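Colleague: take this sequence and fold it.
(one chain, ligands or ions: 1)
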Amino acid sequence: MSFVPTATAVLNYWVRILAALEKKINRQSYETWLKPTRFSHLEGKKLFVRIPSVDFQHVGDRYADLIQEAIDNLGLDVDSVTFTTPEQDPRAPKVREDGGFAPVPSHSQNAPRQSRMGSLNTGAPTGPAPEQSRFDWNAASQLNPRYQFDAFVIGSGNQFAMAAAQAVAERPSKAYNPLFLYGGVGMGKTHLMHAIGHDVKRRQPHASICYVSGEKFTNEMINSVRYDKMTSFRDKFRNVDVLLIDDIQFLAGKERTQEEFFHTFNALHESMKQIVIASDRPPKELADFEDRLRSRFEWGLIADIQPPDLETKVAILQKKAESEQTSLPTDVALFIASNVRTNVRELEGALVRLIAWCSMHGVEITLAVTQQCLKQFIDTQVRKITIETIQRTVAEQFGMRVAELKQKNNSRQIVVPRQIAMYLAKQLTEASLPEIGRQFGGKHHTTVMHSIAKIDEQRRTDKDLNRTINKLMETLS
Ligand SMILES: Nc1ncnc2c1ncn2[C@@H]1O[C@H](COP(=O)(O)OP(=O)(O)OP(=O)(O)O)[C@@H](O)[C@H]1O
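Modeller: Residues are numbered from 1 along each chain as shown. Predicted coordinates:
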């Protein structure tokens, strides 16, 4: 008797392929191009995948080899993958208005596009070539349709950044220029930038929006120098209405790129075009950056994003579940939110895993199921954190050796990192005060207690210290 996969198993074909792709391609590309895709249906061995709009049709070609590799590795009985918009695919569920997929643009092409997957595909792709190449900067298609303002959950850590982003979207170049957003990994900087782009585009459909990462900007520049295309490179970046540049820290130490960006910045600023910059740290901490650039970053408004508190994490989970049309019991949301520390991306990862797992096993989402399904995920987080890891991470952050944290040296440069490391050991491990003392060169437990209390108090008033600790916690978790 031949094996007939169930609907759930089939649905998970694409989920499993995506999981494999996520490990292979950079996060930004994954989030932008692959995460918004969904399983549509299977016709024999033909897998149909739903994409939000025609702008995503190049996905099949761009990642053909990796998709093929994943299918082979997973042993799936699939010989082609076709990407379809809801409009092209009458079998796909309807577009929702509350997120999920963006409405299909009116210039939509009619035929679905088949991935050029290795030798498995016989004919040519069934759809026309995509209109946009991946180097088409001046296109709203660079924006992830899911990253909208109304999908962003506001909490105390991000309300300022959100308000600033909305003000900029309402009055580009007039509210704050540039807007400089900074915060730790997965805190929503990219989400807010894309939301600005969508909002400006909605208000001014003819506005040209350019979203680019610091890395892409650099690579484009290098290629343009190499192929003598600097004029078109400059035209591209200096003639937009809104420039959204992500991960600017990538330009650190790259003099030529910084110089080019300096001129781009000036050209845009002088012609009253909006610039939004995102970074993992504030301008003054951007090491290996020219002063003239750093100071320009401070011309407009600087807004930081702090990690979400428990309530915000629960709200984010519930909003995400809603957009997946899944109902998430509160005790489950609380369990996930309290076990995944700060990074919203990981929070989402846990939820996606839970939903996929429940659908695969055909069970309802309950607390017991969640504990079972996420056990390994959460254990790995906990297991990773030891006092040695904390010492290594703190020493690295402060540019010192681990041995120095354990020495009997009471100079300020050593005492503060040591107190921070002790504080983190208390927060992130199960170790007792005497145990922590032992691992820091035999300190008395009252010294440990005093250090922890001190940092606990200082971090409430000292914003920089608080940020350093959050950053360390993110790195560790
Ligand atoms: N407040 C929020 N509400 C809803 N979703 C959020 C929120 N904050 C972050 N997210 C989601 O978390 C994920 C990671 O966010 P994003 O990519 O914007 O982070 P980032 O700050 O740019 O991270 P990185 O520094 O790694 O580039 C995205 O899917 C985003 O939609």
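
Colleague: strands of the stretch 301-450 of the chain, start to end?
Modeller: 301-305 (DSSP state E, counting those that start in this stretch).

Colleague: what residues does it put near the ligand?
Modeller: Taking CB under 6 Å from any ligand atom as the contact definition, the stretch 301-450 of the chain meets the ligand at 316, 344-345, 348. From N, CA and C alone the C-beta is placed, and that goes for glycine too.

Colleague: of all these, which comes closest to Gln57?
Modeller: Glu348 (25.1 Å; CB to CB).

Colleague: the residue lying closest to the closest one once chain neighbours are set aside - how many residues pack around it?
Modeller: For Glu348, ignoring the flanking residues on the chain, the nearest one in space by CB to CB, 6 or more residues apart in numbering is Lys320 at 5.8 Å. Lys320: 22 surrounding residues under other CB atoms under 10 Å.

Colleague: so Lys320 sits right up against Leu351, yeah?
Modeller: Yes: contact criterion CB atoms under 8 Å: Lys320 and Leu351 qualify, at 5.6 Å.

Colleague: can you tell me the closest non-neighbouring residue to the residue of the stretch 301-450 of the chain found nearest the ligand?
Modeller: In the stretch 301-450 of the chain, no residue comes nearer to the ligand than Val344, which is 3.5 Å away by CB to the nearest ligand atom. Closest residue to Val344 in three dimensions, ignoring its sequence neighbours and counting by CB to CB, 6+ apart: Gly186, at 4.9 Å.

Colleague: in this structure the one you found contacts Arg341, no?
Modeller: No: using CB under 8 Å, Gly186 makes no contact with Arg341, being 10.8 Å away.

Colleague: what's whichever strand or helix holds Ile245 packed up against?
Modeller: Following DSSP states H and E, one finds Ile245 within strand 242-246. The contact analysis (3 or more CB pairs under 8 Å, 6 or more residues apart in numbering; DSSP states H and E) places strand 242-246 against helix 189-203, strand 209-213, helix 214-226, helix 255-270, strand 274-279.

Colleague: that older thread, the residue of the stretch 301-450 of the chain closest to the ligand against Gly184, yeah?
Modeller: No: Val344 is not in contact with Gly184 according to CB under 8 Å; the separation is 9.8 Å.

Colleague: most neighbours of all the residues of the stretch 301-450 of the chain next to the ligand, which one?
Modeller: Most neighbours among those, by other CB under 10 Å: Val344, with 24 neighbours.

Colleague: now do the contacts for that one.
Modeller: Val344 makes contact with 186-188, 308, 313, 316, according to CB atoms under 8 Å, 6 or more residues apart in numbering.

Colleague: tell me the contacts of the residue nearest to Glu215 when sequence neighbours are not counted?
Modeller: Once flanking residues are discounted, Glu215 sits nearest to Phe250: 4.8 Å by CB to CB, 6+ apart. By CB under 8 Å, 6+ apart, the residues touching Phe250 are 213-215, 218.

Colleague: and Phe250, its phi and psi?
Modeller: phi -60, psi -20 (degrees, to the nearest 10).

Colleague: state the pLDDT value of it.
Modeller: With respect to pLDDT, Phe250 has a value of 93.

Colleague: ditto for Ala403
Modeller: 91.

Colleague: cool, and Val10?
Modeller: pLDDT, Val10: 60.

Colleague: what's the weakest-modelled helix or strand in the protein?
Modeller: Lowest mean confidence among the helices and strands of the chain (mean pLDDT, DSSP states H and E): strand 113-114, at a mean of 55.

Colleague: what's the mean pLDDT across the helix or strand that that strand is followed by?
Modeller: Remark: after strand 113-114, the chain's next helix or strand is helix 159-170, criterion DSSP H and E. Mean per-residue pLDDT for helix 159-170: 96.

Colleague: by contact count, what packs against the next helix or strand after helix 159-170?
Modeller: Moving toward the C-terminus from helix 159-170, the next helix or strand (DSSP H and E) is strand 179-183. Contacts defined by 3+ CB pairs under 8 Å, 6+ apart place strand 179-183 against helix 159-170, helix 189-203, strand 274-279, strand 301-305.

Colleague: closest one of the contacts of Phe250 to Asp65?
Modeller: Set against Asp65, the nearest of the contacts of Phe250 by CB to CB is Glu215 (21.4 Å).

Colleague: how many other residues sit next to that closest one?
Modeller: Glu215 is flanked by 14 other residues according to other CB under 10 Å.

Colleague: same deal with Thr475?
Modeller: The burial count for Thr475: 15, using other CB under 10 Å.

Colleague: in the protein, which residue sits nearest the ligand?
Modeller: Closest approach between the chain and the ligand, counting by CB to the nearest ligand atom: Gly188, at 2.8 Å.

Colleague: what residues are up against that residue?
Modeller: Per CB under 8 Å, 6+ apart, neighbours of Gly188: 152, 158, 161, 305, 344.

Colleague: for the fourth one, which non-adjacent residue is closest in space?
Modeller: What sits nearest to Ile305 in space, not counting adjacent residues and going by CB to CB, 6+ apart, is Gly183, at 3.2 Å.

Colleague: that neighbour contacts Met162, correct?
Modeller: No: contact criterion CB under 8 Å: Gly183 and Met162 do not qualify, at 11.8 Å.

Colleague: the more surrounded of these two?
Modeller: It is Gly183, of Gly183 and Met162, that has more neighbours when counted by other CB under 10 Å, with 26 against 20.

Colleague: so how far is Ile248 from the more buried one?
Modeller: 13 Å (CB to CB, to the nearest Å).

Colleague: next one: Gln159
Modeller: Separation of Gln159 from Ile248 (CB to CB): 23 Å.

Colleague: what about the two, which has more around it?
Modeller: Higher neighbour count among Gln159 and Ile248: Ile248, with 25 against 14, using other CB under 10 Å.

Colleague: need the contact list for that one.
Modeller: 214, 277-279, 286, 297.
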